[in-house]
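Asker: sequence and predicted structure below; questions after.
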Amino acid sequence: MKRRDFLLCGVAISSVLMTHPALATGERMVVYKDPSCGCCHEWAKAMQNAGFSVVSEDVDDLEAVKKRFAVPVDLQGCHTASLAGYFIEGHVPLDAITRLLAERPNIAGLAVPGMPSGSLGMGDDPGASYDVFAVGKDGSSAVYHAVRPRS
């Protein structure tokens, strides 16, 4: 590859990466998780690979963390993160988080209840189908992002 082509390729890649909110700002994310949870570790690692500045905090009482962030019981997942004034509950995909940071809606956070197969950190399932909920500051919820089977 010629030097000029190499430089142009580098500039193109850099410009694409800098348009990604997490990569552009290095947003700090704190992930509260059970110390023995492997899927939580994988999710946090994916967030770090996406450019977030991730701090993992192993906690024995996740219920207290979820209560502090006012995560509705019916929307709870296996870990809770805090990011830019929002909570991120469970295996929320990167696309939904990217959208959240771009739009900055007036909500408390995002949640993926339970541990859906194929969600980020839960393996690669092309048939994965689950919803990401926006949780209002009053505890109300609505579908914010839908993950559907890949074709």
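Answerer: Now that the structure is in, tell me what you want to look at.

Asker: what about stretch 26-44, average pLDDT?
Answerer: Over the span of stretch 26-44, the pLDDT mean works out to 93.

Asker: what's the per-residue pLDDT of Gly121 here?
Answerer: Looking at Gly121, its pLDDT is 88.

Asker: helix, strand, or coil at Asp60?
Answerer: Put simply, Asp60 is coil when judged by DSSP: H, G, I helix; E, B strand; the rest coil.

Asker: and it, what does it touch?
Answerer: Asp34 (CB atoms under 8 Å, 6 or more residues apart in numbering). (Each C-beta comes from the backbone N, C-alpha and C, glycine too.)

Asker: how close does it get to Cys78?
Answerer: According to CB to CB, to the nearest Å, Asp60 and Cys78 sit 14 Å apart.

Asker: list the buried ones in stretch 102-114?
Answerer: Buried residues in stretch 102-114, counting neighbours by 16 or more other CB atoms under 10 Å, are found at 107-114.

Asker: now Val73, what are its backbone angles?
Answerer: With angles defined as degrees, to the nearest 10, Val73 shows backbone torsions of phi -60, psi -40.

Asker: run a quick neighbour tally on Pro116.
Answerer: Using other CB atoms under 10 Å, Pro116 has 18 neighbouring residues.

Asker: got it, and Met29?
Answerer: By the measure other CB under 10 Å, the count of residues near Met29 is 22.

Asker: correct me if wrong: it contacts Gly85.
Answerer: No - using CB atoms under 8 Å as the test, Met29 is too far from Gly85 to be in contact (11.7 Å).

Asker: which stretches of this protein form strands?
Answerer: For the chain, applying DSSP state E gives strands covering 28-33, 53-58, 80-83, 86-89, 109-111, 130-135, 141-147.

Asker: and the nearest residue to Pro105 once chain neighbours are set aside, what are its bridge partners?
Answerer: Distances taken as CB to CB, 6 or more residues apart in numbering place Ala134 nearest to Pro105, at 6.7 Å, with adjacent residues excluded. For Ala134, the beta-bridge partners are Leu110, Ala142 (DSSP bridges).
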